[in-house]
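Chemist: Build me a structure from this.
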Amino acid sequence: MRSLEKPEARTVLVTGGGGFLGGAIVRQLAAAGHRVRSLSRTRYPWMAPLGVEQVQADVRDAAAVDEACRDVAVVFHTAARAGVWGDYRSYFDINVGGTRNVLAACRRQAVRALVHTSSPSVVFDGCDIEGADERLPYTRHFLSAYQQTKTIAEQEVREAAGDLPLVALRPHLIWGPGDNHLVPRIVQRANRLVQVGDGKNRVDSTWIDDAARAHLLAMQALLARPALSGRVYFITQGQPIRLWEMINRILAAAGKGPVRRRMSRRSAWLLGTVLEKVYGGLRLKAEPPMTRFVADELATAHWFDISAARRDLGYEPRMRIDEGLRQLAKWLAQRPRQVY
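Modeler: Numbering: from 1, shown residues only. Okay, the predicted model is just below:
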C-alpha cells in the first residue's frame with residue numbers, strides 16, 4: 001500500500017465529517033497525523049480527543065464553506081443528502097448547491113486537491129451491471145432525486161477539473177460498524193422485507209474502512225499525479241455476492257431470520273409506481289414501502305470492475321465479507337437500541 005504522506009503542514013477539510021463515511025475519513029486522517037478540519041451541521045464530542053477542528057455549518061452556506069476552506073490543502077467532499085424518497089429541491093440544494101459551494105471555495109482558496117464522493121447510481125439505468133468499468137455512460141433514466149442530483153454534481157465536478165485538481169470516487173453500498181443508513185434500513189424492515197426478483201442478482205459492496213482508505217489513497221495519488229484530475233473510480237470490495245444472500249447474512253448478524261416472502265420485479269415496480277403517486281399526491285414525508293428505484297435496485301445485478309482504482313490509486317480492499325459480517329454482528333450486539 002502506498003504511504004499516506006502529509007500534503008505539506010496544512011489542514012485537510014472533510015465536509016460531512018460527522019457522517020458514516022466522513023467520520024471514517026476523519027479518523028484515518030487523524031491517525032496518519034494530518035491536521036483535520038470537519039464541516040458538519042452538528043458538533044461531535046468524539047472529534048475533540050483526535051484534535052479535529054470543527055466548523056459547525058451547512059454546506060449550503062457558501063460563505064461558511066469558503067471560510068472552512070481557508071488555509072486548506074485538500075478537501076474531501078462527502079456531505080450529501082442520501083435516500084430514495086423526498087422533495088427534489090432539498091436534494092438539489094445539498095447535493096448540487098453544496099457541491100457548487102465547495103468547488104467555488106476550493107478555487108478561491110487555492111486548494112491543492114479535491115476528492116469528491118459520488119455514487120454508482122449515476123450510471124444505473126435499471127438494467128443489470130456486471131463487471132462494468134468507468135467507461136459506462138451516465139444514465140438518463142432517473143427514478144430518484146438522489147440519483148439525479150448526484151449525477152449533476154459529479155458532472156459539474158468533472159467539468160471543474162480544468163482549473164482544480166480533483167477526482168471523484170463511487171463507493172458502492174458502504175457498510176460496517178457505525179452504519180447509520182444501509183444496515184439500519186435492512187434491520188428495521190426485517191419483518192416487512194420481500195425478495196424482489198429471482199434472487200440470483202449479484203452486487204458488490206464496500207467495507208467502511210476500505211472506503212475511507214480509498215479516499216486517502218486518492219488524495220495521495222492526485223497530489224503526486226495531477227494528470228489524474230477529472231477521473232472517476234468505482235470503489236468496492238471486489239467480491240460480488242448475491243444481493244439477497246447478503247441481506248439475509250446482515251439480518252442473521254442482527255439475530256433476525258431470513259427474508260421469506262417474494263415478489264416479481266414487475267409487481268414491485270407497479271407497486272412502487274402507485275405508492276409514489278399516492279405519497280407524492282398527499283405530500284407525505286414518510287418514505288413509501290416501495291419505489292420504482294428500489295424495485296430496480298433490489299432485482300438487478302450491479303457490481304463493478306475496480307481495476308482503475310487498483311492501478312491509479314494503489315487501492316486494494318482488505319476486508320473480506322465473512323470477517324466483516326463477524327465484526328458487524330459484534331457491533332450490533334453492543335448497540336441494539338441505536339440500530340433497532
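Chemist: Could you tell me how many residues sit around residue 324?
Modeler: Residue 324 is flanked by 24 other residues according to other C-beta atoms under 10 Å. Heads up, the C-betas are built off the backbone N, CA and C, glycines and all.
Chemist: nearest residue to it other than its sequence neighbours?
Modeler: Closest residue to residue 324 apart from its sequence neighbours, by C-beta to C-beta, 6 or more residues apart in numbering: residue 207 at 5.2 Å.
Chemist: Can you name the residues that contact that neighbour?
Modeler: 174-176, 237, 317-319, 324 (C-beta atoms under 8 Å, 6 or more residues apart in numbering).
Chemist: redo that, cut-off 10 Å
Modeler: 24, 171, 174-177, 213, 236-237, 239, 317-321, 323-324, 327-328 (C-beta atoms under 10 Å, 6 or more residues apart in numbering).
Chemist: And residue 297, by the same measure?
Modeler: By C-beta under 10 Å, 6+ apart, the contact list for residue 297 reads 84, 121, 124, 126, 143-144, 147, 173, 196, 201, 203, 243, 291.
Chemist: can you tell me which of those are in strands?
Modeler: Secondary structure defined by DSSP state E assigns 196, 203 of the contacts of residue 297 to strands.
Chemist: Which of the contacts of residue 297 fall within helices?
Modeler: If you go by DSSP state H, the contacts of residue 297 have 147, 243 in helices.
Chemist: Show the residue spans covered by the helices in the protein.
Modeler: Remark: helices assigned in the chain by DSSP H are 20-31, 62-68, 88-91, 98-108, 145-159, 182-188, 208-224, 243-253, 265-281, 292-299, 307-308, 321-334, 336-339.
Chemist: closest one to residue 47 among the ones you listed?
Modeler: helix 20-31 (6.8 Å; C-beta to C-beta).
Chemist: What residues sit buried inside that closest one?
Modeler: In terms of neighbour count (16 or more other C-beta atoms under 10 Å), helix 20-31 has its buried residues at 20-30.
Chemist: and the angle for it with helix 208-224?
Modeler: With axes from the mean of the first three to the mean of the last three C-alpha atoms, to 10 degrees defining the directions, helix 20-31 sits at 60 degrees from helix 208-224.
Chemist: helices or strands up against helix 20-31?
Modeler: In this structure, helix 20-31 makes packing contacts with strand 11-15, strand 35-40, strand 72-77, strand 113-117, strand 174-175, helix 208-224, judged by 3 or more C-beta pairs under 10 Å, 6 or more residues apart in numbering; DSSP states H and E.
Chemist: Restrict that helix to CA atoms and write it as PDB.
Modeler: Extracted as PDB, the C-alpha positions of helix 20-31 are listed here (Å, rounded to 0.1, in the frame of the first residue of the first chain):
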ATOM      1  CA  PHE A  20     -20.600   7.500   8.400                       C
ATOM      2  CA  LEU A  21     -18.000   7.800   5.600                       C
ATOM      3  CA  GLY A  22     -16.900  11.300   6.600                       C
ATOM      4  CA  GLY A  23     -16.200  10.200  10.100                       C
ATOM      5  CA  ALA A  24     -14.100   7.200   9.000                       C
ATOM      6  CA  ILE A  25     -12.100   9.500   6.800                       C
ATOM      7  CA  VAL A  26     -11.600  11.900   9.700                       C
ATOM      8  CA  ARG A  27     -10.300   9.100  11.900                       C
ATOM      9  CA  GLN A  28      -7.900   7.800   9.300                       C
ATOM     10  CA  LEU A  29      -6.600  11.300   8.500                       C
ATOM     11  CA  ALA A  30      -6.100  12.000  12.200                       C
ATOM     12  CA  ALA A  31      -4.400   8.600  12.800                       C
END
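Chemist: Any stretches of the stretch 201-340 of the chain with poor pLDDT?
Modeler: Counting by pLDDT under 70, the low-confidence segments of the stretch 201-340 of the chain come to 336-340.
Chemist: can you check the stretch 1-150 of the chain too?
Modeler: 1-9.
Chemist: picking up where we left off before, mind putting the helices and strands packed on helix 20-31 into a markdown table with mean neighbour count?
Modeler: Below are the helices and strands packed on helix 20-31 laid out as a markdown table (neighbours: other C-beta atoms under 10 Å):
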| stretch | mean neighbour count |
| --- | --- |
| strand 11-15 | 27 |
| strand 35-40 | 24 |
| strand 72-77 | 26 |
| strand 113-117 | 27 |
| strand 174-175 | 22 |
| helix 208-224 | 23 |
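Chemist: These: which one's closest to residue 162?
Modeler: Closest to residue 162 of these is strand 113-117 (C-beta to C-beta; 12.9 Å).
Chemist: Parallel or antiparallel, which strands does that closest one pair with?
Modeler: strand 72-77 (parallel), strand 166-171 (parallel) (DSSP bridges).
Chemist: Look up the closest residue to residue 91, ignoring the ones flanking it.
Modeler: Nearest to residue 91 is residue 145, by C-beta to C-beta, 6+ apart, at 3.9 Å.
Chemist: again, but for residue 137
Modeler: Distances taken as C-beta to C-beta, 6+ apart place residue 123 nearest to residue 137, at 6.9 Å, with adjacent residues excluded.
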